[in-house]
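S.K.: Take this sequence and fold it.
(chains A and B)
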Amino acid sequence: DQQVKQNSPSLSVQEGRISILNCDYTNSMFDYFLWYKKYPAEGPTFLISISSIKDKNEDGRFTVFLNKSAKHLSLHIVPSQPGDSAVYFCAASEMTTGKLIFGQGTTLQVKP
Amino acid sequence: DTAVSQTPKYLVTQMGNDKSIKCEQNLGHDTMYWYKQDSKKFLKIMFSYNNKELIINETVPNRFSPKSPDKAHLNLHINSLELGDSAVYFCASSQGSSGTYNEQFFGPGTRLTVL
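M.R.: Model prediction:
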């Protein structure tokens, strides 16, 4: 039973446009959400996070939105750059366990 | 000045063999983890240690045994390797464990291939 789902395996956008990556979760006990970026042959690197007490967190070109009632979060990248091409993983955790549950990833391709 | 390092990066071995993967972090973190990324690309936690104490142990065959000689190291030993163990194994570390919001830092991964 996959508690964190990224239903789009891939996304292609033009350089300069907005990239929107989506993530859904089923466990209402999750209270902390993270996005990781992964290049081939490297480990995931932390990008941005949000706690359940917020609905938006912004860091430069990256913004994460959380809709708790819909159990949905999204990552917006604007403007998208070719260097953003990578696999993006959504992850969720419960503060009581500290365990991260990952989605299956979305491959983003930003075309010049 | 690599934060989380793993050795080896690639490991090819025969079924039935025993192998180890080493992980070291120089971030001064208290908690270390092992994750497995299978062929479907899911990243799933296997183990977590906090100050050398096991705190998370997912449903993993007991052929897998983590060992933490000190809080900067968490090694993974696998006995009697099977074809299904082929995957990429990632080590990670974070400042705290349960009860705190922790950004986890990942190593580069070890691609294990069992023939």
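S.K.: Spit out the contact partners of B:Ser5.
M.R.: Residues near B:Ser5 by C-beta atoms under 8 Å, 6 or more residues apart in numbering or on different chains: B:Cys23, B:Glu24, B:Gln25, B:Gly107, B:Pro108. To be clear about C-beta, it is placed using only N, CA and C from the backbone, and glycine gets the same treatment.
S.K.: Please see if stretch A:104-112 touches chain B.
M.R.: Yes - interface with chain B: stretch A:104-112 contributes A:Gln104, A:Gly105 (C-beta under 8 Å from any C-beta of the partner chain).
S.K.: Can you give the distance of that stretch from its chain's centre?
M.R.: How far stretch A:104-112 lies from its chain's middle: 12 Å, per C-alpha atoms, centre = their mean, to the nearest Å.
S.K.: what residues does stretch A:11-28 touch?
M.R.: Identification of contacts with stretch A:11-28 by C-beta under 8 Å, 6+ apart yields A:1, A:3-8, A:33, A:35, A:70-82, A:84, A:88, A:90, A:92, A:94, A:101, A:103, A:106-112.
S.K.: give me the subset of the contacts of B:Ser5 touching chain A.
M.R.: For chain A, the contacts drawn from the contacts of B:Ser5 by C-beta under 8 Å from any C-beta are B:Gly107, B:Pro108.
S.K.: Could you confirm A:Ala70 falls within a strand?
M.R.: No - A:Ala70 sits outside any strand when classified using DSSP: H, G, I helix; E, B strand; the rest coil, being coil.
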